[in-house]
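Participant: Please work out how this folds:
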Amino acid sequence: MLSKTSLGFLIFLISFVGILANIFVLRPVYKLAINPKKSSIYVISFFNILADIVNLSQSAFYLAPCIIFESYIFETENDVGIPKFMGFLIMLIWYIGNITQIVMATNRYVVICSNNHKIFTRQKICLIFVVTLVFATVKAYIIEYVFPCCVFVFDHEILSYSYIRVSEILNYTDLSDLPLNALSTIVAVICYTSIIYKIHKSNKIVIHLISYKDQKQRRNKEFIYAMQFFSISLFYTFAWVFLRLFPVLFGGQNAEWFSLIAFCVIINSSANAFIYLIFNQEISEIIKPSQKQSKIWQIR
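Facilitator: Numbering: from 1, shown residues only. This is a model prediction of the structure:
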């Protein structure tokens, strides 16, 4: 098993790579988001990538140093000052992620399964995210600064995140988070399962009308859709399930297992960027001309 210091450096490295990947796709996604001829999913993705960059930056530049130096850097306790504000920020980003999961899954279902492009216009999506930001800010503030229990913080002792529990007081934070976490996962599972079934069914209907080459392309496209939808929601679900499960299984022991929660959050915040870089043709078409232009300037 890796030492705490090694795990701290690993968290920093993976988070930093995720930051670079998200920054790399941010400009192409923004270009597609403001293009009225392109899918409105890019507007959702743009906001999601911004949140992912903040989340990964916290992991790389706060959680990782806390683990490496075995301290809360700016304070001796983790429920005051900057550590508490960092907890507020992680909850703010987490709640934005909650709503984004629901909006993205619903958008894909409405567009692909119902062929309806009018519900999620760019203006409506921007309004949704303004409301989401207000909701997330208020809820995160109440969690960290109003509820008597329990503050959510980065915790270097278990290499991840934890609730600061108060004896004989209900964990109001956990109780208020569970419905939203569960709803996000349930909506994602229902929508993405329906989408994969729809694509598979559509392929069966037209398969006798197309060539073997086109059949292979359709199967590949179906696989890519499945992997994209699967990866977007899988690690997000693992993160909140592990957060509830590990304290019951391990208590305060085996801190290394708790690092899986941090890794799930990091991978979830990096997945979209890598999926866009590897699978998305529209992103590739924007990136390639930029790379060619860069080479021209280097030659000059």
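Participant: From residue 3, how far out is residue 259?
Facilitator: 11 Å (CB to CB, to the nearest Å). Glycine gets a C-beta too; all of them are placed from N, C-alpha and C.
Participant: Which of those two has more residues huddled nearby?
Facilitator: The neighbour count for residue 259 versus residue 3, taken as other CB atoms under 10 Å, is higher for residue 259 (20 against 9).
Participant: Would you agree the more buried one is in contact with residue 9?
Facilitator: No. Using CB atoms under 8 Å, residue 259 is not in contact with residue 9, being 12.0 Å away.
Participant: Just confirm residue 21 is within a helix.
Facilitator: Yes. Checked against DSSP: H, G, I helix; E, B strand; the rest coil, residue 21 lies within a helix.
Participant: Check it and give its pLDDT.
Facilitator: On the pLDDT scale, residue 21 is placed at 96.
Participant: Then residue 82?
Facilitator: pLDDT at residue 82 comes out at 90.
Participant: can you pull the contacts of it?
Facilitator: 72-75 (CB atoms under 8 Å, 6 or more residues apart in numbering).
Participant: Now do the strands in the stretch 51-200 of the chain.
Facilitator: Using DSSP state E, counting those that start in this stretch, the strands of the stretch 51-200 of the chain run over residues 151-155, 160-164.
Participant: Make TSV out of those strands and add distance to residue 191 and mean pLDDT.
Facilitator: Output for those, formatted as TSV (distance: least, CB to CB, whole Å; pLDDT from 0 to 100):
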stretch	distance to residue 191	mean pLDDT
strand 151-155	28	89
strand 160-164	27	87
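Participant: most packed of the ones you listed?
Facilitator: Between these, strand 151-155 has the highest mean count of neighbours, a mean of 24, where neighbours are mean count of other CB atoms under 10 Å.
Participant: Now do that one: distance to the chain's middle.
Facilitator: Here the centre of strand 151-155 is set off from its chain's centre by 19 Å, with CA atoms, centre = their mean, to the nearest Å.
Participant: Tell me which strands it pairs with, and in which orientation.
Facilitator: strand 160-164 (antiparallel) (DSSP bridges).
Participant: Spatially, which residue comes closest to residue 16, not counting chain neighbours?
Facilitator: Ranked by CB to CB, 6 or more residues apart in numbering and with sequence neighbours excluded, the top spatial neighbour of residue 16 is residue 60, at 5.0 Å.
Participant: ok, the residue nearest the centre of the chain - contacts?
Facilitator: Central residue of the chain (CA atoms, centre = their mean): residue 269, 3.8 Å from the mean position. Residue 269 sits next to 18, 22, 51-52, 55-56, 59 when contact means CB under 8 Å, 6+ apart.
Participant: Let's have those residues in a markdown table, adding neighbour count and distance to residue 231.
Facilitator: Formatted as a markdown table, the contacts of residue 269 follow (neighbours: other CB atoms under 10 Å; distance: CB to CB, whole Å):
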| residue | neighbour count | distance to residue 231 |
| --- | --- | --- |
| 18 | 26 | 13 |
| 22 | 26 | 15 |
| 51 | 22 | 17 |
| 52 | 27 | 13 |
| 55 | 26 | 16 |
| 56 | 26 | 16 |
| 59 | 24 | 18 |
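Participant: Out of those, which comes closest to residue 40?
Facilitator: Set against residue 40, the nearest of the contacts of residue 269 by CB to CB is residue 51 (17.6 Å).
Participant: and that closest one, what does it touch?
Facilitator: 93, 96-97, 100, 269.
Participant: Try it again at 10 Å.
Facilitator: Residue 51 sits next to 22, 92-97, 100, 129, 132-133, 136, 269 when contact means CB atoms under 10 Å, 6 or more residues apart in numbering.
Participant: I'd guessed residue 164 sits against residue 78; true?
Facilitator: Yes. Residue 164 lies in contact with residue 78 (CB atoms under 10 Å); the separation is 7.2 Å.
Participant: Please enumerate the shared neighbours of those two.
Facilitator: Counting by CB under 10 Å, 6+ apart, the residues touching both residue 164 and residue 78 are 84, 87, 151, 153, 155.
Participant: and the fourth one, how far is that from residue 93?
Facilitator: When distances are taken as CB to CB, residue 153 and residue 93 turn out to be 14 Å apart.
Participant: what's the answer for the first one, then?
Facilitator: Computed with CB to CB, the distance linking residue 84 and residue 93 is 15 Å.
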